[in-house]
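Enquirer: Pasting a predicted model and its sequence here:
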Amino acid sequence: MSRRTGSADLPLHGGRVPAWLGRRMTRLGAVLCEAIVLEYGRAELLRRLAHPFWFQAFGAVMGMDWHSSGITTSVVGALKRGLAPLSGELGIHVCGGRGRHSRATPDELLAVAARTGLDGAALARTSRLVAKVDSAAVQDGFDLYLHGFIVADDGQWVVIQQGMHGGRGQARRYHWLSDGLESFVDAPHAAIDGPAQGRIVNLADRRAAASRASQVALLQEMAPARLVREFGQLERAAGTLPARAACAAPPSMAPGTTGDLFAPTGDAGTPLQPHLSLPDHHDVRSGDVVLRRLHGALAAAAERGPRDFTELLQVPGVGARTVRALALVAEVVHGTPCRFSDPARFSLAHGGKDRHPYPVPTQVLDRTIDVMRTAVTRARLGNDDRLAAIRRLDAQSRALEATAGGPSLAAFLAQERAASHAYGGRSVFGWEPPADDAGASRAG
């Protein structure tokens with residue numbers, strides 16, 4: 001049985017990622033993937049990419065809009081660019097993307113297979129079938145426009161797809177994971193992200209097995225002319241559906257679920273999917289953040305920073321602000337699934353391109369990338385002291401969050417905005433001007 005990892009409501013946003021942020025997302029995304037593979041292996045990276053809560057936090061920590069559908073496009077694109085030069089070392093290959101790039105996925109998979117010895121024809125068939133299931137078998141009103149296929153050298157893969165519903169201004173993201181997949185049409189999704197649409201037609205639901213069998217039998221037994229006549233009668237029947245059609249709220253909308261990948265099973269023995277509901281508002285509010293987790297990260301940065309990052313890492317320019325960002329980055333690398341129920345919190349590492357929760361502190365983001373790159377490079381040479389320091393930072397955050405105190409979210413954001421110019425704050429609106437308060441703390 002495949003594992004389902006949840007659902008989420010994603011506001012549909014347009015626009016493009018500015019080049020200055022796209023370059024940084026590419027670098028940070030690639031080095032975080034390297035760190036995860038070094039620490040936990042390729043299978044764990046694929047497993048995390050198939051978890052919608054982690055995926056949203058991953059995009060938020062890189063400076064994208066924390067709640068937007070744009071995270072999907074930008075993260076898949078950043079990984080495709082950033083991991084391409086590393087594919088030979090990591091054994092991870094990112095294919096597909098948005099629009100015309102999605103249609104090129106089968107050809108890209110064939111090219112990967114030619115380099116790795118995988119069955120390219122089988123991977124291409126899988127790509128087409130996954131897209132067909134989510135566009136035809138799951139009829140939820142969302143039209144697919146993005147298809148990302150990430151495959152490892154051992155043949156394991158994860159697929160991330162996204163559809164849009166222009167009338168509702170919403171997006172839905174679908175996650176597939178090859179690990180444990182037994183059927184493409186019997187509860188195959190690792191996760192489905194998107195707003196609940198009430199009663200939908202989901203022929204990929206396990207409860208629709210009888211309907212699928214009936215449809216095949218119908219095609220075998222009934223003449224085409226009779227099928228046309230029957231369909232016409234159904235259309236005139238005041239919007240009713242065929243008697244055997246699967247018509248129920250999708251399992252992804254099951255109540256009482258959590259952000260844990262290993263959620264308890266439902267009545268039918270199938271894992272319940274966590275539901276991530278992301279609001280329309282752009283600003284990060286107190287209800288969007290688990291404050292004790294933020295306070296734990298701040299306390300860990302203050303306690304471990306001088307010992308692990310000033311004396312051990314010795315990266316020029318690294319100061320308290322960068323260590324605070326690294327505490328959240330460390331959680332993305334090492335955190336357990338249940339800790340990603342508030343992806344907005346990870347936007348507090350490097351802000352957002354639209355000035356929410358505050359402009360991207362480019363100097364801090366650059367130093368975060370430098371620290372992670374240095375740590376990964378040293379680990380590849382057999383010296384993992386710096387990756388170990390980042391691991392300790394995450395452990396300390398979890399240990400301190402039960403007792404640590406700290407500022408309110410409003411006070412924390414006010415401090416960040418006041419210091420934004422000093423940190424090289426930048427957004428889609430341009431560079432952040434100096435604050436009226438001349439005492440804004442220095443960058444670092």
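Expert: Looks like it came in fine.
Enquirer: Could you use CA atoms for every contact and neighbour count after this?
Expert: OK.
Enquirer: Now for Gln156, how many residues are close by?
Expert: Counted by other Cα atoms under 10 Å, the residues lying close to Gln156 total 15.
Enquirer: go on, the one 3 residues further on?
Expert: Under the neighbour criterion other Cα under 10 Å, Val159 is assigned a count of 26.
Enquirer: which residues touch it?
Expert: Ala50, His147, Gly148, Phe149, Ile150, Tyr174, His175, Trp176, Leu177 (Cα atoms under 8 Å, 6 or more residues apart in numbering).
Enquirer: same deal with Gly120?
Expert: Each residue near Gly120 by Cα under 8 Å, 6+ apart is listed here: Leu109, Leu110, Ala111, Val112, Ala113, Ala114.
Enquirer: Return the distance of the closest residue to Tyr358 other than its chain neighbours relative to Asp384.
Expert: Leaving out its chain neighbours, the residue that sits closest to Tyr358 by Cα to Cα, 6 or more residues apart in numbering is Gly351, at 5.0 Å. Relative to Asp384, Gly351 is positioned 29 Å away (Cα to Cα, to the nearest Å).
Enquirer: Which of these two has more residues huddled nearby?
Expert: More neighbours surround Gly351 than the other of Gly351 and Asp384, with 34 against 16 (other Cα under 10 Å).
Enquirer: still on that earlier bit, would you agree the residue nearest to Tyr358 is in contact with Gly59?
Expert: No - the pair Gly351 / Gly59 is not scored as a contact, 11.2 Å apart, by Cα atoms under 8 Å.
Enquirer: tell me the domain boundaries of this structure?
Expert: 7-204+250-277, 206-245, 286-428 (automatic domain parsing).
Enquirer: The first one: how far from the chain's middle?
Expert: How far domain 7-204+250-277 lies from its chain's middle: 7 Å, per Cα atoms, centre = their mean, to the nearest Å.
Enquirer: and Asp153, how far is that from Leu109?
Expert: From Asp153 over to Leu109 (counting by Cα to Cα), the distance is 12 Å.
Enquirer: More neighbours: those two, which one.
Expert: Neighbours were counted for Asp153 and for Leu109 using other Cα under 10 Å; Leu109 has more, 27 against 19.
Enquirer: Now do the contacts for that one.
Expert: Cys95, Gly120, Leu123, Ala124.
Enquirer: Select only the buried ones of those in ChimeraX?
Expert: Those of the contacts of Leu109 that count as buried under 16 or more other Cα atoms under 10 Å are selected in ChimeraX with:
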select :95,120,123,124
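Enquirer: give me phi/psi at Asp384?
Expert: With angles defined as degrees, to the nearest 10, Asp384 sits at phi -100, psi 20.
Enquirer: Which positions within the strand or helix carrying Leu109 qualify as buried?
Expert: According to DSSP states H and E, Leu109 maps onto helix 105-116. Of all the residues in helix 105-116, those buried under the rule 16+ other Cα under 10 Å are Thr105, Pro106, Asp107, Glu108, Leu109, Leu110, Val112, Ala113, Thr116.
Enquirer: The closest residue to Ala114 other than its chain neighbours and Ala375: what is the separation?
Expert: Nearest non-adjacent residue to Ala114, counting by Cα to Cα, 6+ apart: Gly120, 7.3 Å away. Distance, Gly120 to Ala375, by Cα to Cα: 35 Å.
Enquirer: same check, this time on Met164
Expert: Applying Cα to Cα, the value for Met164 to Ala375 is 39 Å.
Enquirer: and if you look at His281?
Expert: As judged by Cα to Cα, His281 and Ala375 stand 36 Å apart.
Enquirer: swap in Leu326?
Expert: Counting by Cα to Cα, the gap from Leu326 to Ala375 is 12 Å.
Enquirer: more crowded one of these two?
Expert: Leu326 (28 against 22).
Enquirer: Might you report the residue contacts of the nearest residue in space to the more buried one that is not next to it in sequence?
Expert: Nearest residue to Leu326, sequence neighbours excluded (Cα to Cα, 6+ apart): Thr368, at 6.4 Å. Contact analysis of Thr368 by Cα under 8 Å, 6+ apart lists Thr322, Ala325, Leu326.
Enquirer: State the phi and psi torsions of Thr368.
Expert: phi -60, psi -50.
Enquirer: and the gap between it and Leu90?
Expert: Distance of Thr368 to Leu90, computed by Cα to Cα: 21 Å.
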